[in-house]
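[1] Test case, fold it:
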Amino acid sequence: MSAKAEQYDVIRKPIISEKATMASEHGAVVFEVAMDSSKPQIKDAVEALFGVKVKAVNTTITKGKAKRFRGQPGRRKDVKKAYVTLEEGNTIDVTTGL
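    The predicted model follows:
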């Protein structure tokens, strides 16, 4: 597997929400990442894929909610998010797509 494919395995997709938009005003970008990824892996993947300098990586794990699907009880998956703070002058436009 190529290095670029491995980086796309670490970073799943950008998260565009109200909280993520507020974070982007302070130079941070929010990504959904693989559950087993570490902060150094996330930093390396973002720097390689987008060509930017990363200042810090904060991660959080959101537990999946219990929901009903077609009347049957089900459970959403757990999600790991990475709040990636970029160095001054670096930006990532997540609205264009990966």
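[2] and the longest helix seen in the chain, which residues are buried?
    In the chain, with assignment by DSSP state H, the single longest helix is helix 39-50. By 16 or more other CB atoms under 10 Å, the buried positions in helix 39-50 come out as 41-47, 50. C-beta: built from backbone N, CA, C; applies to glycine.
[3] what residues are up against Glu47?
    Each residue near Glu47 by CB atoms under 8 Å, 6 or more residues apart in numbering is listed here: 53-54.
[4] For Val54, see how far away the most centrally placed residue in the chain is.
    Nearest to the mean C-alpha position of the chain, by CA atoms, centre = their mean, lies Phe31 at 1.4 Å. Distance of Phe31 to Val54, computed by CB to CB, to the nearest Å: 11 Å.
[5] Could you confirm the residue nearest to the centre of the chain falls within a strand?
    Yes. Counting by DSSP: H, G, I helix; E, B strand; the rest coil, Phe31 is found in a strand.
[6] these two touch, right, it and Val79?
    No. Applying CB atoms under 8 Å, one finds Phe31 not in contact with Val79, separated by 10.7 Å.
[7] Enumerate the beta-bridge partners assigned to Val33.
    Val33 has the following beta-bridge partners by DSSP bridges: Ile11, Lys80.
[8] if we can go back for a sec, redo the buried residues of helix 39-50 as TSV? Include distance to Met22 and pLDDT.
    As requested, these are arranged in TSV below (distance: CB to CB, whole Å; pLDDT from 0 to 100):
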residue	distance to Met22	pLDDT
Gln41	26	93
Ile42	20	93
Lys43	22	93
Asp44	26	92
Ala45	24	92
Val46	19	91
Glu47	24	90
Phe50	20	87
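[9] Which parts of the chain are strands?
    When assigned using DSSP state E, the strands of the chain occupy the ranges 11-14, 28-33, 54-62, 66-69, 72-75, 79-86.
[10] Contacts for the second one, please.
    Read that as strand 28-33. 10-15, 17, 19-20, 23-24, 42, 46, 59, 79-86, 92, 94.
[11] Buried ones among those residues?
    By 16+ other CB under 10 Å, the contacts of strand 28-33 give 10-12, 14-15, 20, 23-24, 42, 46, 80-84, 86, 92, 94 as buried.
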